[in-house]
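pasting the structure only:
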């Protein structure tokens with residue numbers, strides 16, 4: 001299966017640079033995966049598209065201010081790190097720029113304590129592929145507090161505008177810090193709208209998947225089947241496992257909010273196969289593309305994704321490539337907003 005099958009032309013003006021003032025003001029393209037019918041709605045029309053008994057599965061990861069700007073301790077040259085995965089013992093997997101300056105053994109410094117000393121120091125322990133680095137930090141105090149002080153939100157490279165309010169790149173239900181990017185399908189929800197859905201009889205369930213390196217790396221192969229996903233950490237607790245089991249038993253629809261929730265659900269489904277789902281955690285590198293048979297996910301709420309991305313392929317696995325490409329073509333013609341701060345799509 002050729003990667004180019006998932007390519008499309010997107011005018012740059014349709015890439016949303018800033019979030020809307022009202023989270024629920026986005027547009028919503030609805031695609032019936034059985035008939036191919038497309039309708040155009042506002043996001044709050046989701047209330048009419050879901051029904052009592054449906055289970056909405058939300059990823060409650062929280063984005064950390066993972067972009068650090070500092071300098072090489074010996075030359076003062078400016079460098080940038082994007083923290084991706086905590087490895088333990090103050091060690092992190094990160095992307096470094098410019099990579100050619102960041103050799104193993106290089107000492108880095110960040111911030112100033114007011115006396116000419118850095119607030120945060122680091123040493124590059126290991127060099128990886130495509131700018132990947134293993135970093136060990138040294139500091140006094142609490143690392144998360146220093147990161148909150150020194151770091152910036154790691155907005156994707158296609159967003160050029162500065163984010164004025166950090167919380168606008170967090171979902172209202174974010175709880176567990178650890179992501180290098182937001183699960184953006186959830187950015188459309190407010191607490192009030194979630195309460196309205198619950199009042200209708202929709203149930204909410206939560207998973208955690210910390211979004212990592214795979215979000216930032218483009219596909220570099222020609223054939224879809226040759227791509228390898230980067231592993232990301234997930235968790236599911238007992239309470240939410242029980243909600244999923246009850247949905248399966250009753251035949252209720254399980255609606256994943258975002259591709260991250262989808263990948264977590266399908267990982268869990270494969271782990272327990274025909275057995276009841278249990279609380280679990282681990283690392284997933286599941287890659288979902290056309291030909292995949294979904295085990296738990298019945299419907300999906302998602303944003304519009306980059307051409308030739310693994311996310312477009314996941315969406316195409318659920319609704320069919322032709323239907324998704326046709327929906328994207330219509331979304332472009334009607335000037336929907338694309339990517340992280342853009343509009344939403346509901347596949348049911």
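Structure received. For clarity, every value in this text was computed on a predicted model and none was experimentally measured.

OK, contacts around residue 243?
The neighbours of residue 243, taking CB atoms under 8 Å, 6 or more residues apart in numbering as the test, are 55, 203, 205. For every residue, glycine as well, the C-beta is placed using N, CA and C.

check the offset of stretch 126-143 from the chain's centre.
The chain centre lies 22 Å from the centre of stretch 126-143; the measure is CA atoms, centre = their mean, to the nearest Å.

repeat for stretch 200-208
18 Å.

kindly report the same for stretch 279-288.
The answer for stretch 279-288 is 14 Å, by CA atoms, centre = their mean.

thinking again about what came up before, filter the contacts of residue 243 down to the ones in strands?
Among the contacts of residue 243, the residues falling in strands (DSSP state E) are 55, 203, 205.

show me the contacts for the last one.
With contacts defined as CB under 8 Å, 6+ apart, the neighbours of residue 205 are 55-58, 240, 243-244, 247.

of all those, which two lie farthest apart?
Maximum pairwise distance among the contacts of residue 205 (CB to CB): 14.1 Å, between 58 and 247.

out of these two, which sits in the more crowded spot?
A direct count of neighbours by other CB atoms under 10 Å for residue 58 and residue 247 places residue 58 higher, at 27 against 22.

for the more buried one, give me its contacts.
Applying CB under 8 Å, 6+ apart to residue 58 gives the contacts 171, 173, 186, 189, 204-207, 257, 261.

any idea how far residue 29 is from residue 106?
Using CB to CB, to the nearest Å, residue 29 is found at 47 Å from residue 106.

and residue 167, that one's in a helix?
Yes - Residue 167: assigned to a helix according to DSSP: H, G, I helix; E, B strand; the rest coil.

for it, report the pLDDT, please.
At residue 167, the model reports a pLDDT of 97.

still on that earlier bit, who wins on neighbours among the contacts of residue 58?
Counting neighbours by other CB under 10 Å, residue 261 leads these with 31 neighbours.

what's the average pLDDT for the strand or helix carrying it?
Using DSSP states H and E, residue 261 falls within helix 259-272. If you average the pLDDT over helix 259-272, you get 98.

stretch 148-161 too?
Here the average pLDDT along stretch 148-161 is 94.

who's in contact with it?
Defining contact as CB under 8 Å, 6+ apart, one finds that stretch 148-161 is touched by 15, 17-18, 63-69, 82-83, 110-111, 119-120, 163, 166, 169, 180-181, 215-216, 306, 339-341.

and if you look at stretch 32-46?
With CB under 8 Å, 6+ apart as the criterion, stretch 32-46 contacts 24-31, 49, 188, 193, 197, 301, 318-320, 323, 326-327, 330, 334, 343-344, 346-348.

quick check: neighbours of the helix or strand containing residue 57 in the sheet, parallel or antiparallel?
Taking DSSP H and E as the definition, one finds residue 57 inside strand 55-59. Strand 55-59 sits in its sheet next to strand 203-209 (parallel), strand 254-257 (parallel), going by DSSP bridges.

any buried residues in it, and which?
55-59 (16 or more other CB atoms under 10 Å).

need the strands paired with strand 55-59 in JSON lines with distance to residue 1, can you?
Converted to JSON lines, the strands paired with strand 55-59 look like this (distance: least, CB to CB, whole Å):
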{"stretch": "strand 203-209", "distance to residue 1": "25"}
{"stretch": "strand 254-257", "distance to residue 1": "23"}
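
right, and those - which one's nearest residue 5?
Nearest to residue 5, of the strands paired with strand 55-59 and by CB to CB, is strand 254-257 at 23.3 Å.

what lies in contact with the closest one?
Outside strand 254-257, the residues within contact range by CB under 8 Å, 6+ apart are 50, 54-59, 183, 185-186, 189, 244, 247-248, 262, 265, 296-301, 348.

could you rerun that using 7 Å?
50, 54-59, 185-186, 244, 247, 262, 265, 296-301 (CB atoms under 7 Å, 6 or more residues apart in numbering).

quick one, helices of the stretch 101-250 of the chain?
143-150, 191-200, 238-250 (DSSP state H, counting those that start in this stretch).

so how far is the first one off the chain centroid?
Taking the mean of its C-alpha atoms, helix 143-150 sits 22 Å from the chain's own mean (CA atoms, centre = their mean).

and for the last one?
In terms of CA atoms, centre = their mean, the centre of helix 238-250 is found 24 Å from the chain centre.

now it against strand 55-59, angle please.
150 degrees (axes from the mean of the first three to the mean of the last three CA atoms, to 10 degrees).

would JSON lines of the buried residues of strand 55-59 with pLDDT and distance to residue 144 be doable?
Formatted as JSON lines, the buried residues of strand 55-59 follow (pLDDT from 0 to 100; distance: CB to CB, whole Å):
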{"residue": "55", "pLDDT": "98", "distance to residue 144": "32"}
{"residue": "56", "pLDDT": "98", "distance to residue 144": "29"}
{"residue": "57", "pLDDT": "99", "distance to residue 144": "27"}
{"residue": "58", "pLDDT": "99", "distance to residue 144": "23"}
{"residue": "59", "pLDDT": "98", "distance to residue 144": "20"}
